[in-house]
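[1] No sequence on hand, only this structure:
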């Protein structure tokens, strides 16, 4: 699956650039990686840690490559050559036009801006060239807009609103650089990820479970805010906590709980949050000085309850030094939003029961019926995941899928090194 993404990402980068070899700033990710422009018989050469060079079409330039690397890079070379068909040289031909701002274009709109929109969608392959340059926003344009929105993580309304126009107007050269940057990220995951694993792509705010190279379940997610970012890491899911308490982290006490109590003295009571001192004795909220950092000396724990508990009915423990985890949420409305960067670093999951069923599939006695029964009981139950399942939190803002469709997402944490290109900011 990851190899497919790397192959198609490289193909799209070559199509955008119109060059046999794209320039990737690999040293930003691994100082031992370098890319070389090939000659007529070798599209691109890679130099890896042991000095071995490999061309994109699958020819080996030196001996001594490790077997695992050999199989993976031969696959990329052979399959990539078959997929690449030359394509339109988008950047070389001047990129795509800028769609005029200040208009909400939708079905039935008659405007010169629609003609520009048509050309923009034609260049990126979202509608066929045969649809012409009419200024009327017809069903063909609407379908093209929906396809474009789906490729950019925007809710598919078929209406060109401000967010859609901002994404349309990101220059082709910027998109090319995005593809090049993310190809290097994908290469770092070209190793054996395991037979069963989980990927959480932070910029896409989505989680997928994978088995035997195929996606089993797909989950819309809520991830870390810009100032409380979800970390990139490779870890394992080790335990499921059913009907969990929520112990409020110190950062949330400082940044959220204290200001909310200053604004509303009933906040703790209304949200079923109790206060305990170091001896485990429960205190009343009015015993704390909320005009200071006095609250940092106490433990705050939210009662069990899927309707109000911030963790919902399930928490998934993953081994990591950041204090983050994955969990359910009572605030399901976030999954219907385009902007889902809402947490303090943890990941909230839609359809969490399907996710838990995947994690516990090989744990004896934990089928979906048993999972539902335990949740319905409301009782606190902890289950060790046997065997532990690999989990990869990644940061990928552009990738090419096996079906030939290229996906882009906002560089929400500004890690691509391309400046402020977030559609939401434009």
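    Looks like it came in fine. No experiment lies behind these values; they were computed from the predicted model shown. Residues are numbered from 1 along each chain as shown.
[2] Give the rounded mean pLDDT of stretch 313-329.
    Averaged across stretch 313-329, the pLDDT comes to 92.
[3] ranges for the helices of this structure?
    For the chain, applying DSSP state H gives helices covering 2-17, 67-83, 112-123, 139-151, 162-168, 172-187, 250-252, 258-263, 267-270, 352-359, 368-377.
[4] now these as CSV including distance to residue 133, mean pLDDT and mean neighbour count?
    No exception for glycine: its C-beta is placed from N, CA and C like everyone else's. Formatted as CSV, the helices of the chain follow (distance: least, Cβ to Cβ, whole Å; pLDDT from 0 to 100; neighbours: other Cβ atoms under 10 Å):
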stretch, distance to residue 133, mean pLDDT, mean neighbour count
helix 2-17, 23, 52, 24
helix 67-83, 30, 30, 15
helix 112-123, 5, 95, 20
helix 139-151, 11, 96, 19
helix 162-168, 16, 94, 21
helix 172-187, 19, 86, 22
helix 250-252, 53, 83, 14
helix 258-263, 54, 93, 14
helix 267-270, 57, 90, 15
helix 352-359, 45, 96, 21
helix 368-377, 53, 94, 14
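[5] Could you export those helices to JSON lines, including columns for distance to residue 390?
    Below are the helices of the chain laid out as JSON lines (distance: least, Cβ to Cβ, whole Å):
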{"stretch": "helix 2-17", "distance to residue 390": "12"}
{"stretch": "helix 67-83", "distance to residue 390": "16"}
{"stretch": "helix 112-123", "distance to residue 390": "39"}
{"stretch": "helix 139-151", "distance to residue 390": "28"}
{"stretch": "helix 162-168", "distance to residue 390": "32"}
{"stretch": "helix 172-187", "distance to residue 390": "17"}
{"stretch": "helix 250-252", "distance to residue 390": "27"}
{"stretch": "helix 258-263", "distance to residue 390": "37"}
{"stretch": "helix 267-270", "distance to residue 390": "38"}
{"stretch": "helix 352-359", "distance to residue 390": "11"}
{"stretch": "helix 368-377", "distance to residue 390": "21"}
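[6] So which of these is nearest residue 194?
    Nearest of the helices of the chain to residue 194, taken as Cβ to Cβ: helix 2-17 at 11.3 Å.
[7] Let me see the contact set for the residue lying farthest from the centre of the chain.
    Taking Cα atoms, centre = their mean as the measure, the residue most remote from the mean C-alpha position of the chain is residue 287, 42.7 Å away. Residues in contact with residue 287 (Cβ atoms under 8 Å, 6 or more residues apart in numbering) are residue 275.
[8] and residue 209, what does it touch?
    Contacts of residue 209 (Cβ under 8 Å, 6+ apart): 196, 197, 198, 215, 216, 217, 355, 358, 359.
[9] go with 10 Å
    196-199, 215-219, 354-355, 357-359, 361, 389, 391 (Cβ atoms under 10 Å, 6 or more residues apart in numbering).
[10] on that earlier part again, from residue 281, how far out is the residue farthest from the centre of the chain?
    Note on residue 287: its distance to residue 281, by Cβ to Cβ, to the nearest Å, is 11 Å.
[11] list the residues that contact both of those two?
    Taking Cβ under 10 Å, 6+ apart as the criterion, residue 287 and residue 281 both touch residue 275.
[12] From residue 274, how far off is the closest residue to residue 377 other than its chain neighbours?
    The shortest distance from residue 377 to any non-neighbouring residue, by Cβ to Cβ, 6 or more residues apart in numbering, is to residue 243 (7.6 Å). Per Cβ to Cβ, residue 243 is found 16 Å from residue 274.
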